[in-house]
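A.B. asks: A predicted structure for the sequence below; I have some questions about it.
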Amino acid sequence: MSYKQTMALTIAGSDSGGGAGIQADLKTFQELNVYGMSAITAVTAQNTTGVQGVYPVEVEGILQQIDSIQEDLPPHAIKTGMLFNSEIIEAVAGRLKNYEWKNIVVDPVMIAKGGAPLLLEEAVNSLKEHLLPLAEVITPNIPEAEVLTGMEIKTYEDKINAIKILSSMGPKMVVLKGGHDADDEESVDIVYDGDTITELRTSRIQTKNTHGTGCTFSSAIAAFLAQGKAPMEAVRLAKAFIQAAIEDSLDIGKGHGPTNHWAFNRKNRSRENHS
Ligand SMILES: Nc1ncnc2c1ncn2[C@@H]1O[C@H](COP(=O)(O)OP(=O)(O)O)[C@@H](O)[C@H]1O
Ligand SMILES: Cc1ncc(COP(=O)(O)O)c(N)n1
């Protein structure tokens, strides 16, 4: 019997603690029945309390990983996470363009939850100029959207203005994530496809265990795109995936524990068993 295996690639940094970065991405792909591949851009020494070290991989080594994948295992979707500096961003963007890869999700990772920089300041313009225009979906959180647009985002009106500026930078869809609005009773992600604004609302879960939420969310979007879902549907499903993963987050480590990648399937299975 022939079976089309869906495949996705993450181009991102490694989190030794397993909760964010490449590790979160591969766990998400696996849970969503998507064969996961990785091109590692940087190795971080990291755990739930913070980032203890950052070691970028040489650009040649990053490109070789991408070339090896393209030659033998072309992906149906790609997600980018931590890219660290402008040299890496421009090299990766060059390959994405040359290989004409579709279904690119760009998570513009800048700062780890504990405050450690995962992107150098000098790299912000490269991100805007070279990577955002290639994206099907970008997923900035509010601080990242402030850096990318150069504006302060406080009110709902600010969010809508920022989304429109981000959209003018070239991605087909912008998802402005609401995880950082700690006072809000809901976690509201605002989606803009260049035409319509859609709000995705879920109840805010009171937990300190949110390490890797952004990585997990963006890789879930990539997995659903790889499966052939339309972008809006992929974002809606990813929001359900991350909600379940935070609801059931893992209270491990001394700091911000990771989300639970099994939770979405477990929830769906128990729903099926009860119907
Ligand atoms: N406490 C929470 N309760 C419910 N959803 C959350 C919570 N924190 C984050 N999210 C969701 O997780 C996803 C990632 O958002 P966010 O935490 O803002 O990203 P990042 O990790 O990049 O800062 C978004 O869909 C957001 O709405
Ligand atoms: C290697 C790596 N990449 C990304 C993040 C951001 O994590 P989050 O999803 O919590 O914003 C991280 N902490 N480490």
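C.D. replies: Looks like it came in fine. Ligands and ions are numbered 1, 2, ... in the order given.
A.B. asks: Can you pull out the low-pLDDT segments for the stretch 1-150 of the chain?
C.D. replies: 1-3 (pLDDT under 70).
A.B. asks: Pull up the residues of it that are close to ligand 1.
C.D. replies: Residues of the stretch 1-150 of the chain lying near ligand 1 by Cβ under 6 Å from any ligand atom: residue 141. For the C-beta atoms, the positions are set from N, CA and C on the backbone; glycine is no exception.
A.B. asks: Nearest to ligand 1: which residue in the stretch 1-150 of the chain?
C.D. replies: For the stretch 1-150 of the chain and ligand 1, the shortest gap (Cβ to the nearest ligand atom) falls at residue 141, measuring 3.7 Å.
A.B. asks: what's that residue in contact with, if anything?
C.D. replies: 176-177, 179-180, 214 (Cβ atoms under 8 Å, 6 or more residues apart in numbering).
A.B. asks: same thing with residue 56?
C.D. replies: Neighbours of residue 56 in contact, by Cβ under 8 Å, 6+ apart: 41-42, 84-85, 88.
A.B. asks: Tell me if residue 43 really is in a strand.
C.D. replies: Yes. According to DSSP: H, G, I helix; E, B strand; the rest coil, residue 43 belongs to a strand.
A.B. asks: Am I right that it is in contact with residue 55?
C.D. replies: Yes. Assessed by Cβ atoms under 8 Å, residue 43 is found in contact with residue 55 at 4.6 Å.
A.B. asks: Run through the strands of the chain in chain order.
C.D. replies: For the chain, the strands defined by DSSP state E cover 7-15, 35-47, 50-56, 77-80, 104-106, 137-138, 173-176, 186-192, 197-203.
A.B. asks: what angle do the longest one and strand 50-56 make?
C.D. replies: By that I understand strand 35-47. Taking axes from the mean of the first three to the mean of the last three Cα atoms, to 10 degrees, strand 35-47 and strand 50-56 form an angle of 120 degrees between their directions.
A.B. asks: can you check the last one too?
C.D. replies: Between strand 197-203 and strand 50-56, the angle comes out at 140 degrees (the same axes, to 10 degrees).
A.B. asks: Just the buried residues of the contacts of residue 141.
C.D. replies: 176-177, 179, 214 (16 or more other Cβ atoms under 10 Å).
A.B. asks: Now do the buried residues in stretch 30-38.
C.D. replies: In stretch 30-38, counting by 16+ other Cβ under 10 Å, buried: 31-32, 34-38.
A.B. asks: and of these, the nearest to residue 191?
C.D. replies: Distance to residue 191 across the buried residues of stretch 30-38 (Cβ to Cβ) is lowest for residue 32, with 19.7 Å.
A.B. asks: residues in contact with the closest residue to that closest one other than its chain neighbours?
C.D. replies: Once flanking residues are discounted, residue 32 sits nearest to residue 223: 4.0 Å by Cβ to Cβ, 6 or more residues apart in numbering. Listed by Cβ under 8 Å, 6+ apart, the contact set of residue 223 reads 6, 8, 28-29, 32, 34, 77, 238.
A.B. asks: Let's have those in JSON lines, adding distance to residue 66.
C.D. replies: Formatted as JSON lines, the contacts of residue 223 follow (distance: Cβ to Cβ, whole Å):
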{"residue": "6", "distance to residue 66": "19"}
{"residue": "8", "distance to residue 66": "14"}
{"residue": "28", "distance to residue 66": "20"}
{"residue": "29", "distance to residue 66": "17"}
{"residue": "32", "distance to residue 66": "22"}
{"residue": "34", "distance to residue 66": "18"}
{"residue": "77", "distance to residue 66": "14"}
{"residue": "238", "distance to residue 66": "24"}
